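Q: 3D model of this:
(2 chains)
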Amino acid sequence: MAKHPNDRLQGTLDLLILKSLATRGTMHGYGITLHIDTIARDALRIEEGSLYPALHRMAQEGWIRAKWGASENNRRARFYTITPAGMKQLAEEEKRWSELTQAVARVLQFA
Amino acid sequence: MGMAWLARIWNTLRAGRLDGELEEELRYHRELRARDLEKSGMSGRAASAEAALRLGNLTLQKERMREMDIATRIETVFRDLRYALRQFVHNPVFSAVAVLSLALGIGANTAIFSVLNAALLRSLPVRNPQEMVMLTDPDSSGVFVGSSNGERGLLTYAEFGKLRDRSTTMDLCASESAFNQWNVRIAGGSQEEARGRLVSENYFSVFGVDPAIGRFFAKTDGKGAGSDPYAVISYDYWRRRFAGNTNALGASIRLYGATLTVIGVAAPGFHGETAGEAPDIWAPMMMEPLVKPGRDWIHEDLTKSIDKVMWLHVFGRLEPGASQAKAQAEVNVLFKAIIESGYPKTLSERTRKNLLDQHLRVRDARTGAFGGRNEFSQQLIVLLITAGLVLLIACANVANLLLARATARYREIGIRLSIGAAKGRLVRQFLTESLLLAVLAAIAGVIAAAGAARVLVLLLSDSANELQLQTTFDWRVLLFTLGITALTGLLFGLAPALQATRVDIGESLKETSRQTTGAGKRMTFAKGLVAAQIALSLLLVVGAGLFLRTLWNLQSVTLGYSKAKLLLVRVDALTAGYKDTQRPTLYNEISGRLRALPGVRAVTYSENGLFSGTESGDPVDVEGFVHKSKDDAHAAFDQIGPGYFSGLGIPLLLGREIELRDTATAPRVCVINEAFTKRFFAGRNPIGKHVTDTYGDTHLTMEVVGVAKDVRDHRLRGAVRERFYVSAAQGDGGIPTAINFEIRTIADPNALLNMIRRTISGVNADLPITSARTIDDLIDSRNQQPRTIARLCAIFGAIALLLAAIGLYGVLSYNVARRTNEIGVRMALGAGHGEVTKMIFKETGVLIGIGMLAGMAAVFATTRLVASRLYGLSALDPATIAVALGILGAVALAAGYIPAARAARVSPLAALRHE
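A: As a prediction, the model looks like this:
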C-alpha cells in the first residue's frame, strides 16, 4: 500500500492509542479519547471521529483486539485491548518518536 | 483474535453490518461526550451539537474504514506473496524441484485434457450447435455395398433425398462418410494431394457456417448430376495453398472426371463436422458421378437390387420446438416407408422380412461426428488417470518438502504464535506459498502443454493419416487447468500448513527440544505420504507393464506368413474406366510386369488385401452342414488372384490353390481355411464338396478345391474367422473394382516403390494408386494407439518411480538427521555400524512394505478396468506384477541406502557434541 502523506501523524495517533491501552488496559473508544485529553491536558486535540478508523486498522494489524461488551452504564460498547504484537509495535513507535523528538530538539538548539 | 483474515473478508462482504457497528460505536461516543459537556455546564442542545461537531464527518469515517478493509486485504496478500517469493529465492533448488515436478503433472494433464476437449467436448463452431443431430452412426465410415439389418449405420443418397424432402422436424443435409485423399490438379498445375469430402448442396446452410470470402453452394445448385461444378475450400487450405490470396476464387480444381471452380472459403475455425478430419476441399454431392467415375451413387434405382450403396452421414438441424425424440419418431416412420418400397418386388418373404428390419437412431451432434469416439476417449481417459496419479505423487513430494521446511521453521512459528500472530494468518501464509508454487508450475505446465498436446495428437494418429485436431486453449481447458492447479495447491499446501501451525508454543521455545511431539507427528504424516507414493507408483508401474506386454504380444502375433519385405499397393481400376470383363486381364498383366522387375520375389493380388481395413462377409450354405438356426452360418471371404497362397507363403493343407485356369468361364471354385473346415465340415473331407454364398436371393455355388492354413489377415486379436477364398476372375457377384497387389521383394520394399509406381503407370497412366504401404506399416498403424498408450504409461511410470524415490530419500534422510544424537547414543553404547544400518533399513522396509501392500490392493481393485485393452495376458498377470514389485523394491532400497549408510557413518562423539 502506498504510504499515506500524513504517515507521521497517523503514527502519532497509533502511538497515543497504544500507549493509552498499555497503561490503562481495556477501554472503549470514548475512554481512549478522554484518556488522551487528560494526559495531554487539552494541548493535543485529536479529531474524535478519526479515532475509530484508526482503531479498526490497528485491530486488523493485530496490535489491538476489539470485543463488544457492556459498559459502566450497562450499554453495549466496543472495548479495545492491546495484544503482545501491539506491545512490540508500541515499543518501536516509542523508540522512533524519541529519536524524532531528539533530532528536532537538536536542530532547534543548534540552528 | 481468531481467523482475522476470514473476518476481514466477511467484513468486506458485509459492509452494511460493519457500518451499523461503527454507527453504534459513534453514537455511543457522541452521547457520552454530550453528557460530559452538559455536566460542565452546557445546555442540552448546545452539548449535543458540540459533540457531533467534535466527532466530525461520519460518512467520511465510514468510507475510510471500508477502503481500509479492501486496501489492507490486498496489502496483506501482496505481503504474503513477497514473503513466499523470498522463500523461493532462498531455496532455489527446493523451488525448482517443486515447480518442475508439479509443472510436469499439470502440463501432462492439461495436454491430455486439451486433446480430449478438442476431440470430444468442444461444440462445432456453427450456429446454435445444440440444435444439431445425426441420423447415422459416427462409428461407421466408408462405403458399404450390400444389405443391412437392425440399426442403420449409413444412408444411401436416395434415402437421404427422400428424408430431406419429407421431414418436418428437421432440416437435413448429408456428408460423405469416407474421408478422401484426393489427387487434384489446381489451376492446371501438376498432381498434388488434398483432403476432401462430398457434401450435399445445403450442407453449409444447414450447419450455419458463413463464408470467409466468396459464397457457398446455394439451394439453386444441385439440380442434377454434374450440374454444379463448384468447390469450397477451408480457411487453412486457403492460407496454405493460395497464401490467403483472393484470386483463389475462380481457381479451377481438376478432380478425377470433374473440373471444379472455387467459389468460396469457409469461415476460419470450421473444419467440417467430423472430429479429427479437416477437409481442404468440399465438393457438391451432385458431382459424385464425375469425381468417382464408374461409380454413380446418386442415381440409384432402389427397387432394382437388394444391394444398397450406404455411404452418407446425415445431419439435421432440429426445427424450433422439435425434440430429438420427436425427430426420431418421425424419421423412422418416413424411413420405414422408404425401405418398404425400396426393394425388388420379387424377393422371397423371408428375405424381405429380414431386410425390412431396419431403423434409424437420432443422436446429439453438437460436438460433431467422430468415428471411434469411445475407443479414443477411453484411451485418453486411461492417460488422464495415469497423468493424474503422477500429479498426485508430485503433490505428495512437494507436501513433504514443505513440511520439512515448516519443521525447520518450528521455533519461528512458535515465536510468532506466542507474540499473538493469528494462526489463520500463518495458515494463509503457507497456503499463499503453496498456491504460488502451483501457479508457477501451472504457467510452466501450460506452456509445455501446448506443444505436448500437438505431439500427443501426432502420437495418436495413424502414420499415413494424421489426426486433424485443433487443440486450442479454450475456456474449458483453462477451467480444467485452473481447477487442478488450485486443487494441487491446496492438496500439498493445506496439510503442511495445518500441521506446521499445530505448534505447542512452550515446547517450541525450548532450545534443545529435538524430538518434539510436533515433529514426531510430522514424521508419521510424512511417512504416510511416502507410503502412498509407493502405492501409487506400484499401480502405475503395473499398468505400464500390462500395456507394454500387450504391445509386445500384439507385435509378436504370428500371422501365418512372413511379414518381411511385403508391400501392398492398391490400384483403382474402375476409376480408370475398366469394365468387368477387362479387369481380370488388367490385374494379371500388372502382376506379370511387377513380377518381372528386378528385386521382386513374388506378386499376387486380392480384393481386400491385408490389414487394409476393408473386409467382406456373407451368409453361406455348406454341403452336409445342418443349420441350427436361420442365420448361424456366416463366413468372411476374399477374391484372390492366381498363386495367392504360394505368393504369400501360406501353406495349403489339402488340395490346390486358385490358379490362372479359374477364369470366368471355368467352374466356380474356392479355397477354405482351417477354421471354415473345422466349423462346417467337422472331420469330413471338404475337397469336392460345395459351398454356396447365399447373399439375399442370389446363390453362388462353388466347389472346394483346397484347404489353407489359418492366417491373420485383417485382425490381430480374437479368433481367426471362418473364411473362403474365391477366384477374382470369377468374382463373387462381380469382379473387384479395385485390387491390392501383394508384392514380396528381395531388398528394402520402399526402395522399389518408385519403380513399381512407374510400372503401373506404364500399363495405364490413368490408373490411380490409392495406397502403397508395407505390411509392417499397416500393422503398426493398427497398433499406433496401444503403442502410444504403452509408451506414455511407461514414461509416466518411470517419472512416478523417480518422484517416489526422491520422496523416500527425502523423508529417510530427514529422519536420520533428526535422530543423529539417538544414533550417536546407540553407537556409544556399543551398537555397530551394521546394527544401525539394519535399524534404518528395517524402518525403510516397513515403509516400503506398507506402500506395496496398499499398492497391491489398488492393483487388484483397478487393473480389471483396463482388461479390455489388454491382449494375451490377464489384468492380474503375475509376471508383470512380480517384475513391478521387483523394480519398485530395488528403486526404494536404493533410495533408502544412502540415508542408512549416512546413519552408519555417524560418529558418536560428533553426534553428542551436536546436542
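Q: residues near B:Leu436, how many?
A: Neighbourhood size, B:Leu436 [other CB atoms under 10 Å in any protein chain shown]: 21. To be clear about C-beta, it is placed using only N, CA and C from the backbone, and glycine gets the same treatment.
Q: nearest spatial neighbour of it, skipping sequence neighbours?
A: B:Ala84 (4.7 Å; CB to CB, 6 or more residues apart in numbering or on different chains).
Q: Tell me the helix or strand right after the host helix or strand of the one you found.
A: Secondary-structure element containing B:Ala84, defined by DSSP states H and E: helix B:58-90. Moving toward the C-terminus from helix B:58-90, the next helix or strand (DSSP H and E) is helix B:92-116.
Q: Next, B:Gly294: secondary structure please.
A: On the three-state scheme (DSSP: H, G, I helix; E, B strand; the rest coil), B:Gly294 is labelled coil.
Q: typo on my end, B:His313
A: Per three-state DSSP, B:His313 ends up strand.
Q: Let me see the confidence value for it.
A: We note a pLDDT of 95 for B:His313 in this prediction.
Q: tally of neighbours for B:Phe160?
A: 23.
Q: gap between the nearest residue to it once chain neighbours are set aside and chain A?
A: Spatially, and ignoring its direct neighbours in sequence, B:Phe160 is nearest to B:Ala174 (4.7 Å; CB to CB, 6+ apart). Going from B:Ala174 to chain A by CB to the nearest CB, to the nearest Å gives 65 Å.
Q: In contact with the residue in the stretch 251-400 of chain B positioned nearest to chain A, which residues are there?
A: In the stretch 251-400 of chain B, the residue that lies nearest chain A is B:Ala399 (28.1 Å; CB to the nearest CB). Shown in contact with B:Ala399 (CB atoms under 8 Å, 6 or more residues apart in numbering or on different chains): B:491-493, B:495-496, B:529.
Q: I'd like those residues written out as a markdown table, with distance to chain A and pLDDT added.
A: Shown next, in a markdown table, are the contacts of B:Ala399 (distance: CB to the nearest CB, whole Å; pLDDT from 0 to 100):
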| residue | distance to chain A | pLDDT |
| --- | --- | --- |
| B:Leu491 | 29 | 78 |
| B:Phe492 | 28 | 79 |
| B:Gly493 | 22 | 80 |
| B:Ala495 | 25 | 75 |
| B:Pro496 | 23 | 73 |
| B:Leu529 | 33 | 85 |
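Q: Is it possible to get TSV of those residues that adds neighbour count?
A: As requested, those are exported to TSV (neighbours: other CB atoms under 10 Å in any protein chain shown):
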residue	neighbour count
B:Leu491	18
B:Phe492	27
B:Gly493	24
B:Ala495	22
B:Pro496	28
B:Leu529	22
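Q: Which two of those have the greatest separation?
A: Using CB to CB, the two most remote members of the contacts of B:Ala399 are B:Gly493 and B:Leu529, lying 13.3 Å apart.
Q: quick one, domains of chain B?
A: Listed by automatic domain parsing, the domain ranges of chain B are B:4-83, B:91-122+B:373-513, B:129-364, B:519-557+B:792-915, B:574-766.
Q: Count the residues that sit near the residue of chain A at minimum distance from chain B.
A: As assessed by CB to the nearest CB, chain B sits closest to A:Gly49 within chain A, at 3.4 Å. A:Gly49 has 20 neighbours, counted by other CB under 10 Å.
Q: did I read that right, it in a helix?
A: Yes. According to three-state DSSP, A:Gly49 belongs to a helix.
Q: Apart from its chain neighbours, what residue comes closest to it?
A: B:Gly56 (3.4 Å).
Q: Tell me the spacing between that neighbour and A:Tyr52.
A: Taking CB to CB, to the nearest Å as the measure, B:Gly56 and A:Tyr52 are separated by 10 Å.
Q: who has more neighbours, the two?
A: A:Tyr52 (22 against 15).
Q: what about dumping the CA coordinates of stretch B:186-198 to PDB?
A: Presented in PDB, the C-alpha positions along stretch B:186-198 are these (Å, rounded to 0.1, in the frame of the first residue of the first chain):
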ATOM      1  CA  ILE B 186      -5.000 -26.900 -59.200                       C
ATOM      2  CA  ALA B 187      -5.200 -24.200 -62.000                       C
ATOM      3  CA  GLY B 188      -3.700 -26.700 -64.500                       C
ATOM      4  CA  GLY B 189      -0.700 -27.500 -62.300                       C
ATOM      5  CA  SER B 190       0.800 -30.900 -61.600                       C
ATOM      6  CA  GLN B 191      -0.900 -33.500 -59.500                       C
ATOM      7  CA  GLU B 192      -1.000 -32.900 -55.700                       C
ATOM      8  CA  GLU B 193      -2.800 -34.400 -52.800                       C
ATOM      9  CA  ALA B 194      -5.700 -32.700 -51.000                       C
ATOM     10  CA  ARG B 195      -8.100 -34.000 -48.400                       C
ATOM     11  CA  GLY B 196     -11.700 -33.700 -49.400                       C
ATOM     12  CA  ARG B 197     -15.400 -34.600 -48.900                       C
ATOM     13  CA  LEU B 198     -18.500 -34.500 -51.000                       C
END
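Q: what does it contact?
A: B:175-176, B:179-185, B:237, B:241, B:251-255, B:272, B:277-285, B:287-288, B:291.
Q: Give me the distance from that stretch to the chain's centre.
A: Centroid displacement of stretch B:186-198 relative to its chain, using CA atoms, centre = their mean, to the nearest Å, is 30 Å.
Q: Tell me the buried residues in it?
A: B:186, B:194-198 (16 or more other CB atoms under 10 Å in any protein chain shown).
Q: which ones are touching the residue positioned nearest the centre of chain A?
A: In chain A, the centroid-proximal residue (CA atoms, centre = their mean) is A:Ile17; its distance is 1.8 Å. Applying CB under 8 Å, 6+ apart to A:Ile17 gives the contacts A:32, A:36, A:51, A:54-55, A:58, A:64.
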